[in-house]
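Student: Got a sequence here, can you model it:
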Amino acid sequence: MPAVRHGKTMTVLGELTVVMEDEAVTGIYFENHEHLPDESAFGAAIDATVDATSDELLQTVKREIDEYLSGERTEFSVALQPHGSQFSLDVWALLQEIPYGHTQTYGQLAEKMGNRHLVQRVGQVVGRNPLSIFIPCHRVIGADGSLTGYAGGLDRKRFLLELEEPAEASAARLF
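Tutor: Numbering: from 1, shown residues only. Here you go, the predicted model:
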């Protein structure tokens with residue numbers, strides 16, 4: 001039976017709950033996360049005051065998220081193991097192909113799935129991405145370039161997109 005456990009880590013975006021199964025991360029959730037799974041699936045809690053330093057995977061996740069949020073990291077190295085239907089896994093794999101600093105629309109993802117009429121279904125799967133930040137669902141925007149739903153909230157999505165924004169684009173912004 002896999003060793004499922006979870007720990008919490010504080011970031012500039014608030015507290016994150018990190019769910020791990022053996023040596024892979026299966027979930028990263030914000031406070032007030034939309035579509036949060038039942039916490040019974042999170043496994044045993046790691047006591048941050050006692051166990052956090054002994055759980056190497058949690059420490060690696062914390063370090064990589066901190067480096068990413070401070071602009072020092074553009075890719076993650078930890079093993080990911082999201083759970084979902086094959087369609088969901090395929091959509092989440094497409095999200096991982098969106099390069100740092102770039103965005104795609106839900107329609108573009110649906111086309112990559114082979115059917116532009118799958119936009120709504122793709123959007124639902126993107127919104128239920130269990131690995132926020134590591135599987136970059138924040139890089140998906142509306143067809144008109146607008147910020148659309150994000151399970152962690154639009155303020156966090158805006159923060160992540162601005163963090164990844166190329167310097168030239170940032171300098172050209174009027175706000």
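
Student: In the chain, where is pLDDT below threshold?
Tutor: For the chain, applying pLDDT under 70 flags the ranges 1-2, 47-53, 167-175.

Student: and the residue nearest the centre of it, what is it in contact with?
Tutor: In the chain, the centroid-proximal residue (Cα atoms, centre = their mean) is Ser132; its distance is 1.6 Å. By Cβ atoms under 8 Å, 6 or more residues apart in numbering, the residues touching Ser132 are 16, 28-30, 33, 138, 151-152. In this view, the C-beta of every residue, glycine as well, is placed from N, C-alpha and C.

Student: List the residues that contact the closest residue to Ile98 other than its chain neighbours.
Tutor: Nearest residue to Ile98, sequence neighbours excluded (Cβ to Cβ, 6 or more residues apart in numbering): Arg139, at 4.5 Å. By Cβ under 8 Å, 6+ apart, Arg139 lies in contact with 95, 98, 102-104, 161, 164.

Student: By neighbours, which of the residues you listed wins?
Tutor: Taking other Cβ atoms under 10 Å as the neighbour criterion, Leu95 ranks highest of those with 21 neighbours.

Student: Check for me that that residue belongs to a helix.
Tutor: Yes. Applying DSSP: H, G, I helix; E, B strand; the rest coil, one finds Leu95 inside a helix.

Student: Contacts only, for the closest residue to it other than its chain neighbours.
Tutor: Spatially, and ignoring its direct neighbours in sequence, Leu95 is nearest to Ile135 (5.1 Å; Cβ to Cβ, 6+ apart). Contact analysis of Ile135 by Cβ under 8 Å, 6+ apart lists 80, 82, 92, 95-96, 129.

Student: got the domain boundaries for the chain?
Tutor: 4-69, 86-165 (automatic domain parsing).

Student: Go through these and name the closest to Glu75.
Tutor: domain 86-165 (7.1 Å; Cβ to Cβ).

Student: Figure out the length between the terminal residues of that closest one.
Tutor: 31 Å (Cα to Cα, to the nearest Å).

Student: right, and Pro37 touches Pro130 too?
Tutor: Yes. Look at Pro37 against Pro130 with Cβ atoms under 8 Å: they come within range, at 7.3 Å.

Student: of these two, who's got more company?
Tutor: More neighbours surround Pro130 than the other of Pro37 and Pro130, with 26 against 15 (other Cβ under 10 Å).

Student: ok but Val119 is inside a helix, no?
Tutor: Yes. Counting by three-state DSSP, one finds Val119 located in a helix.
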